[in-house]
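Student: okay, here's the prediction I keep looking at, along with the sequence it came from:
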Amino acid sequence: MDDQVKAVLGLLDVEAYDVRYVGIHGMGGIGKTTLAKVVFNELSPHFDGCSFLSDIRESWKQDGVKYLQKQLLSDLQGKVLQEISDHDDGIWALKANMRNKKILLVLDDVEKTDQIDKLAGNSSWFGTGSRIIITTRDIRVLATDEVKAFKMEELDSTQALRLFSRHAFWNDFPPSDYFDLSEEAISVTGHLPLCLEIIGSFLRSRCKEEWADKIKALKKIPPKNIADGNKLWMHDVLRELGREIVQKENFKDPGRRSRLWMHEEALGTLEGEEGTEVVQAMRMSNDEQLTGHCFGKEAFKEIDRSVGKLKRLKHLNVKGCDSLRGLPEELGSLDDLEEIFVGGKRKSFTLPEIIGNLKSLIILEIFNVQITNGLPSSLCRLNNLKRLALIGCSGIERLPDSLGDLESLIELDISYSAISELPDSIGNLRELKVMVMTQSKISTLPGTIGMLKKLEVLHAGGTLLMGALPREMESLSRLKVLDLSNTRILELFSVSKLSLLQTLDLEKCHQLRELPELPKSLVSLHVSSRSLQKLPDLSELHNLVDLKLYDANDDWALGLVLAKVGAYRLNESFSFDALMNADGECSDNIEWVQKMSNLVTLELSLRNFTNLPTDFRALTRLKALELSCPHMSSPPQLPFTLSRLILGHLVVKQNLPDLSHLKNLSYLRFYNCLIVDGFFRIGIKELHSLNALMIDCCEIYDLCGCCLPENLRSISIYWCHSLRLFIMLSSLKKLKHLHLWECSNLCMLQGLGEVESLQLEDLSKLQKLEVLEVEDCDSLVDVKGEGGIKATQDLIDERQFAETPGELRVIGGHSQHSLQISTQSLDSLRDLSLTDIYKFWT
């Protein structure tokens, strides 16, 4: 799979700053999901937000689009969200959350293009650098210009034999007396990795007669055909094969089989108390078939007590059984039970005290329930437990005092829970490597936390931590990741003693005044604090590749306030210091930034620092740079290596040099800037690699396409109330996305005629738009306005839409002027929809 991983990584090219979709297609079971997971795990640290939506085909049918939209939003925001009213509301929320973020999203097992449309729309939904990976069995799902397709090829005969043999014989090749049987088994698997692995494992240590019987069973299963080339759904065939083999363990008596997949058989076994020690796994979910079979129209509220008879049960998964009230006492007699998964929307849920008897339990994962009786103290007797997750659980405010007795625990996750306190005994968790308490109610950390000698990852972002952290944390010698973002801590301990620390996240720690000496092992450092007054010299951090330093409020929020003050207008003498209250109190010299030659990403938003670097040309590895420093004494000198540049709080023509040497620049953003006619002076037109331009909360009067590069694909303009004209767009022949939002004084868009691929977004906020010229746009099918375009005088005539295919929709037009449409030349028009048009002539 290494070659396939490299190929997909090549298509994604995370160094590029455009938005990319890559589709992995191939028949079921060929390894698409596995490939996507490998790529996702490798790339996820490089993105602002990540989400892996598994098995969309089934989730779409069982849970619906709103459930998937909510899951995606929860992943990106890092918290459990309330319900979404409808899928349109979900789309709006997704676009609002992803538009300015670099997102990594995997849509696994997509069946229809509609699923992509409602979850990942198009590239305009995402911030630059975002990557969307789609896995599907049907290549037709990927039939859009934005998606680069990658076909998963089946293994050749040698690769298939090697993979099969590794699982069947623990060797690369079969013994000579099993060679023919092995080739026969491989021949009916379609060379699919999943089939080869599972069937090889199933046949391991069995005699030749059993091999022959099982291969015969394989050949008898009728394949399912699909429309595309009469291919086989081998993944589904494998699933049915497994069930058939298990059923043959005892055809008449399900209670004597090792696994129960069918809801009727699983519940029948429980209801009739027919279970035996043979059953190892049971799956139940709260669907209509289960509800009707077990409880008529009532919801699934409890597991029958006869579950205690399933002595060999190893895995119990009751996720999605939203009405389940708790786990039964009889569960405590299942000595072989290794995994329990509970998740849903339960208002109340109980755990039995006898759960402590499950000596083989390795994983206990409970998600989004209200535990009414608290955690049973017996929980701490689970000596083999390696993962304990209480994610989003309410009803519990503290963990048991004897938590430290979980001597095998490796991972503890209490994120988004109501837990506010950790017991002192937590220091006894000698094997603990990962502790996650993100967005929980934790307000203090016990000093015994320093005893966790194997702890590698600590996520405490968004907790209620405040004041000073315990100095005992200096003893966490193996710590690699420390996330304290969005907390109220006042100071740090001596983190320089954490010699293996690679990632330190102190974003939105607004009480933090200064940084201590930092370890030279750091690779990524993020700091943002309104109280920041002192920064140490970081130039000795030679491993640092990602640096973010903020000492101000969120610039986006401030810009939004600025843009919505209607009476306010910038002019040449405008003082950003006055607006931002940037007193420049800090005289610390931070010109040492210019020496950090290994930096790849640098973000500086410093309103209070006066001795600022201006020459960044020595940073020859720098790819992404954001500068928002009102006190910068001279225009910054920029390295030619940049592919992403964000500039805030400056007067463009005074504070910016010529940018024409940035030949690799693909993304450029200005916010809270005085631009006026500055674009004519800084060489933007020469940026031939520029794909995306974003202007928000800026003072700009007119914008002309002739001063922009011809290859530009996306233009986004938000909250620029002074913008009046946007002309000569015809020179931007490759423009694909044009976003105009809250540009309330824009009165003319001119020259869209030769923009071949333009996809217009909602124009409803352009309340003073009087002229919209759209000529010869062969692909234009929809102009959206939702009733908000109040002043439109002349929207359409026969010349403008003569080539428009199929469907034309016009929404809006509250003007007192008439809308005139001549249909004489609309030969291909099939549908015409006019909404809220007060005066209409044809």
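Tutor: The structure has been received and is ready for your questions.

Student: ok, now which ones touch K453?
Tutor: Applying CB atoms under 8 Å, 6 or more residues apart in numbering, we find K453 in contact with R430, S475, L476, S477, R478. C-beta coordinates here come from the backbone N, C-alpha and C atoms, glycine included.

Student: I'd like to know which of those are buried.
Tutor: Buried members of the contacts of K453, scored by 16 or more other CB atoms under 10 Å, are S475, L476.

Student: what's the closest non-adjacent residue to R162?
Tutor: With CB to CB, 6 or more residues apart in numbering as the criterion, R162 has its nearest non-adjacent residue at 5.0 Å, and that residue is D172.

Student: and which of the contacts of K453 is nearest to F52?
Tutor: Distance to F52 across the contacts of K453 (CB to CB) is lowest for R478, with 27.3 Å.

Student: name the element that closest one belongs to?
Tutor: R478 belongs to no helix or strand when assigned by DSSP states H and E.

Student: right, and it touches V434 too?
Tutor: No - judged on CB atoms under 8 Å, R478 makes no contact with V434 at a distance of 11.4 Å.

Student: got any residues that touch both of the two?
Tutor: Residues within reach of R478 and of V434 at once, by CB under 8 Å, 6+ apart, are L455, E456.

Student: quick one: the residue nearest to R162 and G344, what's the gap?
Tutor: 45 Å (CB to CB, to the nearest Å).

Student: these two - which one has more neighbours?
Tutor: G344 (17 against 11; other CB atoms under 10 Å).

Student: can you tell me the closest non-neighbouring residue to the more buried one?
Tutor: Closest residue in space to G344, ignoring its immediate chain neighbours: D322 at 4.1 Å, by CB to CB, 6+ apart.

Student: what secondary structure does that neighbour sit in?
Tutor: Here D322 is recorded as coil under DSSP: H, G, I helix; E, B strand; the rest coil.

Student: surely it is in contact with V342?
Tutor: No - using CB under 8 Å, D322 is not in contact with V342; the gap is 10.9 Å.

Student: give me the more crowded residue out of these two.
Tutor: Ranked by neighbour count (other CB under 10 Å), D322 and V342 place V342 first, with 25 against 17.

Student: grab the nearest non-local neighbour of D177.
Tutor: K208 (7.7 Å).

Student: name the next helix or strand downstream of the worst-scoring helix or strand of the chain on mean pLDDT, please.
Tutor: When the helices and strands of the chain are compared on mean pLDDT, DSSP states H and E, helix 288-295 comes out lowest with a mean of 33. Where DSSP H and E defines the elements, the next helix or strand beyond helix 288-295 is strand 315-317.

Student: gap between that next one and the chain center?
Tutor: The chain centroid and the centroid of strand 315-317 are separated by 27 Å under CA atoms, centre = their mean, to the nearest Å.

Student: mind listing the helices for the stretch 51-200 of the chain?
Tutor: 56-62, 65-77, 87-98, 113-119, 157-168, 179-187, 193-203 (DSSP state H, counting those that start in this stretch).

Student: Q370 is nearest to which of those?
Tutor: Within the helices of the stretch 51-200 of the chain, the stretch nearest Q370 is helix 65-77; the backing value is 17.6 Å (CB to CB).

Student: tilt between the closest one and helix 87-98?
Tutor: Between helix 65-77 and helix 87-98, the angle formed by their directions is 10 degrees, by axes from the mean of the first three to the mean of the last three CA atoms, to 10 degrees.

Student: now do the buried residues in helix 65-77.
Tutor: For helix 65-77, by 16+ other CB under 10 Å, it's V65, K66, Y67, L68, Q69, K70, Q71, L72, L73, S74, D75, L76.

Student: swap in stretch 522-539?
Tutor: Buried residues in stretch 522-539, counted by 16+ other CB under 10 Å: 522-530, 532, 535-536, 538.

Student: which strand or helix spans V527?
Tutor: V527 belongs to strand 524-528, assigned by DSSP H and E.

Student: poorly predicted segments of the stretch 451-600 of the chain, please.
Tutor: The model of the stretch 451-600 of the chain has pLDDT under 70 over residues 552-588.

Student: can you show me the strands along it?
Tutor: 457-459, 466-468, 481-483, 488-491, 503-506, 524-528, 546-550, 586-589 (DSSP state E, counting those that start in this stretch).

Student: can I get these in CSV with distance to S378?
Tutor: Below are the strands of the stretch 451-600 of the chain laid out as CSV (distance: least, CB to CB, whole Å):
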stretch, distance to S378
strand 457-459, 27
strand 466-468, 34
strand 481-483, 32
strand 488-491, 35
strand 503-506, 36
strand 524-528, 41
strand 546-550, 45
strand 586-589, 55
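
Student: what about the ones you listed, which gets the closest to L606?
Tutor: strand 546-550 (6.5 Å).

Student: give me the beta-bridge partners of the residue lying closest to G343 once chain neighbours are set aside?
Tutor: Nearest non-adjacent residue to G343, counting by CB to CB, 6+ apart: F367, 3.6 Å away. As for beta bridges, F367 partners with G343, I391 under DSSP bridges.

Student: surely F367 and I414 touch.
Tutor: No - applying CB under 8 Å, one finds F367 not in contact with I414, separated by 11.7 Å.

Student: name the residues contacting each of those two.
Tutor: Common contacts of F367 and I414 (CB under 8 Å, 6+ apart): A389, I391, C393.

Student: between those residues, which is nearest L602?
Tutor: Scanning the shared contacts of F367 and I414 for proximity to L602, where the rule is CB to CB, the winner is I391, at 34.3 Å.

Student: residues near that closest one, how many?
Tutor: By other CB under 10 Å, 20 other residues sit near I391.

Student: so, low pLDDT: which residues of the chain?
Tutor: For the chain, the stretches with pLDDT under 70 are 1-2, 78-83, 221-300, 320, 345-347, 552-588, 652-655, 677-678, 752-842.

Student: pick the one among the buried residues of stretch 522-539 closest to A168.
Tutor: Lowest distance from A168 to these (CB to CB) belongs to V523, with 42.4 Å.

Student: test my guess that that closest one contacts V545.
Tutor: Yes - V523 is within contact range of V545, at 5.8 Å (criterion: CB under 8 Å).

Student: okay, which residue of the protein is out on the far edge from center?
Tutor: Within the chain, D177 marks the point farthest from the mean C-alpha position, 49.9 Å out by CA atoms, centre = their mean.

Student: tell me which residues touch Q69, please.
Tutor: Taking CB under 8 Å, 6+ apart as the test, what Q69 contacts is I84, H87, G90, I91, A93, L94, K118, L119.

Student: how many neighbours does the last one have?
Tutor: What it means is L119. What L119 shows, counting by other CB under 10 Å, is a neighbour count of 26.

Student: now the third one
Tutor: Number of residues near G90 (other CB under 10 Å) recorded here: 21.

Student: and for the fifth one?
Tutor: Using other CB under 10 Å, the number of residues around A93 comes to 19.

Student: use 19 as the first number from now on
Tutor: In the new numbering, first residue 19, that becomes A111.

Student: from V83, how far off is it?
Tutor: A111 is 13 Å from V83, by CB to CB.

Student: same check, this time on the second one
Tutor: According to CB to CB, H105 and V83 sit 5 Å apart.
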